[in-house]
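J.: Structure of the sequence below:
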Amino acid sequence: MLHRRNFLTLGVCGLIGLPGYYPISWSERGNAKDKTDLSPTKGKSSKSAKAKSVLVIFEQGGLSQMDTWDPKPDAIVEHRSPFRPIQTRVPGMNFTELLKETGSRVANHLTVIRCMTQKVGVGDSHPKGSQYIFSGEVPGGPEVMPDISSVVSYRLGTVAKNLPSNIMVPGTSEQHYNTKIGFLPSQHQVFKTGGQPHLPNWTVPNLNLNGIDPGRFHDRADLLSQLDVQLPGGDHCKESSMVLSLRQQAEEMLTSPATRKAFDLASEPLKIREKYGLGHRGQCYLLGRKLIESGVRFVTLDVREPPSSQYPKGGNMNWDHHDFIYSKNSTEIKGGGPGAGRWGIGTEPMMGSTDRALATLIEDMNDRGLLQDTLICFVTEFGRTPKMNERLGRDHWVHAFSFAFAGAGVPGGQVVGSTDSSGGYITSSKAYTIEDYAATIYEKLGIDRTKPLVTPSGRPIYLSKDGNPIPELA
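T.: Below you'll find the predicted structure:
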């Protein structure tokens with residue numbers, strides 16, 4: 001028979017699976033001796049850290065570089081983007097008109113890397129490309145590499161006890177399953193909010209009492225704290241102090257008003273919400289700012305407009321524009337094609353909402369003093385072909401594409417690298433990889449990459465061993 005004390009104990013043990021929660025406090029982490037095993041570790045980053053947090057905007061699908069960050073007005077007519085280059089607020093720094101808000105409002109905060117590349121056959125599919133972005137490592141090695149966010153969670157821990165340390169918003173795209181915990185403990189797996197944050201009835205699962213009266217919850221918690229709990233066997237419940245500490249953190253998560261406030265978009269002034277855009281993408285970007293402001297260490301925005309009657313035939317609105325990329329609405333073509341399910345790159349659910357939300361996010365974070373110690377990374381898994389295909393679309397392209405960065409000491413108003421007149425091949429002496437992108441994040445956070453992670457089998461794993469921090473972002 002399962003007695004009450006065992007039931008309560010099992011309940012606490014079950015909470016260990018919640019991502020981002022740890023059996024020691026933040027202050028204890030800060031004083032912990034650095035280790036290279038798989039126990040929870042590390043606490044504060046080194047004195048060289050320029051970032052306290054990271055906000056990754058992963059616009060999945062392969063965003064076209066020549067239609068956005070790297071305009072090519074001299075490309076041959078048949079393959080040229082219809083979107084003209086425009087001068088940003090930084091002299092000599094040009095984007096296309098699809099980034100007019102970003103260019104006119106926040107280009108002075110941005111460094112655009114136009115010389116990103118990856119090897120052919122490494123990450124040129126969406127599943128592998130997404131996993132490559134999430135982990136910063138080539139998929140398919142001898143070990144499944146954990147996400148960058150999970151490594152950061154493992155190495156640095158949490159700041160806000162009432163929230164997971166690494167959160168994905170919303171984590172519902174077709175590639176969200178390519179997030180990986182690898183060989184790290186499960187509590188460092190990214191927490192996905194799910195749902196559609198722009199809807200008025202949106203809530204986050206597993207971050208509430210699920211109908212239990214708060215008073216009753218506290219009564220049960222008090223009872224548990226008074227019991228001399230005899231812990232059942234198992235890898236997750238070996239030490240009572242660890243479990244009790246975890247229970248306190250779980251209570252904080254479930255009962256703290258700050259938890260609900262972090263996800264409460266309705267508490268934001270309507271003027272701010274409208275500035276981001278009241279649609280799905282805009283409100284997800286706003287939620288990203290709120291989570292950073294609430295103390296979440298690592299936030300990933302993996303956003304695509306959900307299907308709705310507002311955008312007919314928009315069933316999968318990522319950036320995979322194989323067909324009819326310059327359509328004024330749906331990209332569906334007669335006879336079908338791999339690019340169906342999205343709208344043209346210049347439409348509101350695509351670059352229209354992205355440009356507005358990105359400009360507002362950077363502006364808002366700067367106004368609130370968050371940009372100084374938050375690294376913002378605007379990334380995509382690869383680019384698009386410099387030539388149009390027979391379906392009036394652009395296919396996958398890994399030879400050259402663009403990333404953009406802001407905050408945490410990133411110099412603003414800067415373009416790094418160059419491509420040829422079609423945007424297809426890098427012409428500068430510098431080229432950077434996704435491993436370099438990952439190394440940059442670790443460097444900004446002050447994570448020592450010379451200290452390996454060690455797998456349960458004893459294999460040392462060095463972070464971004466084939467990458468180096470991008471010097472222009474220092």
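J.: What segments of this structure are strands?
T.: Secondary structure of the chain (DSSP state E): strands located at 53-58, 85-87, 94-96, 110-116, 166-169, 191-192, 298-301, 374-379, 383-384, 396-397, 401-406, 414-416, 453-454, 460-461.
J.: Just name the most buried of those.
T.: Of the strands of the chain, the one with the most neighbours on average (mean count of other C-beta atoms under 10 Å) is strand 383-384, at a mean of 30. From N, CA and C alone the C-beta is placed, and that goes for glycine too.
J.: quick one: contacts for the residue nearest to residue 146 when sequence neighbours are not counted?
T.: Once flanking residues are discounted, residue 146 sits nearest to residue 182: 3.6 Å by C-beta to C-beta, 6 or more residues apart in numbering. Residues counted as contacts of residue 182 (C-beta atoms under 8 Å, 6 or more residues apart in numbering) are 135, 143-147, 150.
J.: So which of the strands of the chain is nearest residue 126?
T.: Checking the strands of the chain against residue 126 by C-beta to C-beta gives strand 396-397 as the closest, at 8.4 Å.
J.: are any of the contacts of residue 182 buried, and which?
T.: Among the contacts of residue 182, those classed as buried by 16 or more other C-beta atoms under 10 Å are 135, 145-147, 150.
J.: Just send these back as TSV, with distance to residue 441 and pLDDT too.
T.: Output for those, formatted as TSV (distance: C-beta to C-beta, whole Å; pLDDT from 0 to 100):
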residue	distance to residue 441	pLDDT
135	11	98
145	14	97
146	13	98
147	11	98
150	12	98
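J.: export those residues to a markdown table and tack on distance to residue 51?
T.: Listed next are the buried ones among the contacts of residue 182 as a markdown table, based on distance: C-beta to C-beta, whole Å:
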| residue | distance to residue 51 |
| --- | --- |
| 135 | 19 |
| 145 | 21 |
| 146 | 19 |
| 147 | 17 |
| 150 | 17 |
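J.: Which member of the residues you listed is positioned nearest residue 380?
T.: Nearest to residue 380, judged by C-beta to C-beta, of the buried ones among the contacts of residue 182 is residue 135 at 15.5 Å.
J.: Wait, the closest one touches residue 149, no?
T.: No. Counting by C-beta atoms under 8 Å, residue 135 does not reach residue 149; the two are 9.5 Å apart.
J.: Show the backbone phi and psi for the residue nearest to residue 146.
T.: Note on residue 182: its backbone torsions stand at phi 60, psi -130 [degrees, to the nearest 10].
J.: Pretty sure residue 340 sits against residue 327.
T.: No. Look at residue 340 against residue 327 with C-beta under 8 Å: they stay out of range, at 11.0 Å.
J.: any chance you could map the helices in this protein?
T.: Remark: helices assigned in the chain by DSSP state H are 4-14, 26-31, 100-106, 126-135, 148-156, 214-226, 240-255, 257-263, 270-276, 280-293, 353-367, 434-444.
J.: Against residue 54, how distant is the residue nearest the centre of the chain?
T.: Centroid-nearest residue in the chain, with C-alpha atoms, centre = their mean: residue 300, separated by 1.8 Å. Applying C-beta to C-beta, to the nearest Å, the value for residue 300 to residue 54 is 9 Å.
J.: repeat for residue 106
T.: From residue 106 to residue 54 the distance is 18 Å (C-beta to C-beta).
J.: hang on, the earlier thing: now distance to residue 64 and mean pLDDT too, for the strands of the chain, in JSON lines please.
T.: Shown next, in JSON lines, are these (distance: least, C-beta to C-beta, whole Å; pLDDT from 0 to 100):
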{"stretch": "strand 53-58", "distance to residue 64": "16", "mean pLDDT": "98"}
{"stretch": "strand 85-87", "distance to residue 64": "14", "mean pLDDT": "98"}
{"stretch": "strand 94-96", "distance to residue 64": "9", "mean pLDDT": "98"}
{"stretch": "strand 110-116", "distance to residue 64": "13", "mean pLDDT": "98"}
{"stretch": "strand 166-169", "distance to residue 64": "24", "mean pLDDT": "98"}
{"stretch": "strand 191-192", "distance to residue 64": "27", "mean pLDDT": "96"}
{"stretch": "strand 298-301", "distance to residue 64": "19", "mean pLDDT": "98"}
{"stretch": "strand 374-379", "distance to residue 64": "14", "mean pLDDT": "98"}
{"stretch": "strand 383-384", "distance to residue 64": "4", "mean pLDDT": "98"}
{"stretch": "strand 396-397", "distance to residue 64": "9", "mean pLDDT": "98"}
{"stretch": "strand 401-406", "distance to residue 64": "9", "mean pLDDT": "98"}
{"stretch": "strand 414-416", "distance to residue 64": "17", "mean pLDDT": "98"}
{"stretch": "strand 453-454", "distance to residue 64": "36", "mean pLDDT": "96"}
{"stretch": "strand 460-461", "distance to residue 64": "34", "mean pLDDT": "96"}
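J.: As CSV, those strands with distance to residue 441 would be great.
T.: Formatted as CSV, the strands of the chain follow (distance: least, C-beta to C-beta, whole Å):
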stretch, distance to residue 441
strand 53-58, 6
strand 85-87, 30
strand 94-96, 24
strand 110-116, 14
strand 166-169, 12
strand 191-192, 19
strand 298-301, 9
strand 374-379, 7
strand 383-384, 21
strand 396-397, 24
strand 401-406, 10
strand 414-416, 17
strand 453-454, 15
strand 460-461, 16
